[in-house]
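**Q** next one to model:
(one chain, ligands or ions: 2)
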Amino acid sequence: MLIDTHCHLVSHKYSREERGAIMARAAAAGVGRIVSLATCWENVEENLRLADEFETVRVCLGIHPCDVHQEPDDVVERLRVYGDDPRVCGVGETGLDYYHPAPEGWAEEDFRNRQRWMLEQHFSWAAASGLGVVVHTRDREGTTSFEDALEIYGRYALRVKAMFHCFIGSPENAQRIIDLGGIMSFGGVATFKNAKNVLDVVASLPRGTFTLETDAPYLAPVPFRGQRNEPAFVKNVADCIAAARGESAAELYDHTAHAAAGFFRW
Ligand SMILES: [Zn+2]
Ligand SMILES: [Zn+2]
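**A** Ligands and ions are numbered 1, 2, ... in the order given. As a prediction, the model looks like this:
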């Protein structure tokens, strides 16, 4: 079974009316489960309703690092009430984004401090609830956000599993995640001709250390690059990665589905 472990179905890029068609295309492509992640308090309920409406959908709840300035200090505290909800399979999307400039009125360092503080809150909730944490990191250059996130994860790694989503780092950094007991997920970037290093990394990883994602509506894989992404396109990600690994599509679907099931505990 194919699984899209990371997308944002509540995005304004999808209309409510077309959700049924998007789900039908995903099912036709062989996608058996879809994880839709909240990015702010405002889209929590809408994500949960999607899980009611479509039985293939599970939900992660968190505050995206680019949204931390818009939320009250106790927002993760308020998310905790959903920790036992059967529709909720993880904590996220959270993480550190040093790529986008700080919002107006915020000094860069203050914004990053708030992101780190929020990320810790997410890990603390995960440690208490038994859920895994889906982590986003992004830098303009270098790997500072990754280093900072890994340092925070390291303090929780005995109790919490983290998934570094849309992983584009080095083999050494992939190994550091694995050493802490974490996993990665790979999306459309792995299919880009100018990101062959990403495909090389996922081609060499042991089974069980990664899953597949779209990050839809963003980052559509080849041959849809630049267009709006959707969960059905995880098949294009999978087929590209299977070829690079020298595995059959069925083998790749199988072990990545198993890794996803272990992380999200279904
Ligand atoms: Zn992300
Ligand atoms: Zn995302």
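**Q** how about the strands of the protein, start to end?
**A** Using DSSP state E, the strands assigned to the chain run over residues 2-7, 31-37, 57-61, 88-97, 133-138, 162-164, 183-186, 210-212.
**Q** contact residues of the stretch 101-250 of the chain facing ligand 2?
**A** Residues of the stretch 101-250 of the chain lying close to ligand 2 (C-beta under 5 Å from the ion) are residue 215. All C-beta spots, glycine's among them, are computed from the backbone N, C-alpha and C.
**Q** can you show me the helices along the stretch 101-250 of the chain?
**A** Along the stretch 101-250 of the chain, the segments classed as helices by DSSP state H, counting those that start in this stretch run 108-129, 144-156, 171-179, 196-204, 234-245, 249-264.
**Q** give me the buried positions along stretch 225-238.
**A** For stretch 225-238, the neighbour count (16 or more other C-beta atoms under 10 Å) marks 229, 230, 231, 232, 233, 234, 235, 236, 237, 238 as buried.
**Q** and the fourth one, how far is that from ligand 2?
**A** Using C-beta to the ion, to the nearest Å, one gets 17 Å for the distance from residue 232 to ligand 2.
**Q** surely that residue meets residue 23?
**A** No: between residue 232 and residue 23 there is no contact under C-beta atoms under 8 Å: 9.2 Å.
**Q** highest average neighbour count across the helices of the stretch 101-250 of the chain?
**A** Comparing those by mean neighbour count (mean count of other C-beta atoms under 10 Å), helix 234-245 comes out on top with a mean of 22.
**Q** now do it: which elements does it pack against?
**A** Where contact means 3 or more C-beta pairs under 8 Å, 6 or more residues apart in numbering; DSSP states H and E, helix 234-245 is packed against strand 2-7, helix 196-204, strand 210-212, helix 249-264.
**Q** for ligand 2, what's its nearest residue on the stretch 151-266 of the chain.
**A** Residue of the stretch 151-266 of the chain nearest ligand 2, by C-beta to the ion: residue 215 (4.8 Å).
**Q** and that residue, what's its pLDDT?
**A** The score at residue 215 is 98. That number is its pLDDT.
**Q** from residue 225, how far off is the closest residue to it other than its chain neighbours?
**A** Leaving aside its sequence neighbours, residue 215 sits nearest to residue 187 (C-beta to C-beta, 6 or more residues apart in numbering; 4.9 Å). Per C-beta to C-beta, to the nearest Å, residue 187 is found 12 Å from residue 225.
**Q** with residue 52 instead?
**A** Taken as C-beta to C-beta, the span from residue 52 to residue 225 is 33 Å.
**Q** one more: residue 193?
**A** 9 Å.
**Q** so residue 115 touches residue 100, yeah?
**A** No: the pair residue 115 and residue 100 fails to qualify as a contact (C-beta under 8 Å) at a distance of 10.6 Å.
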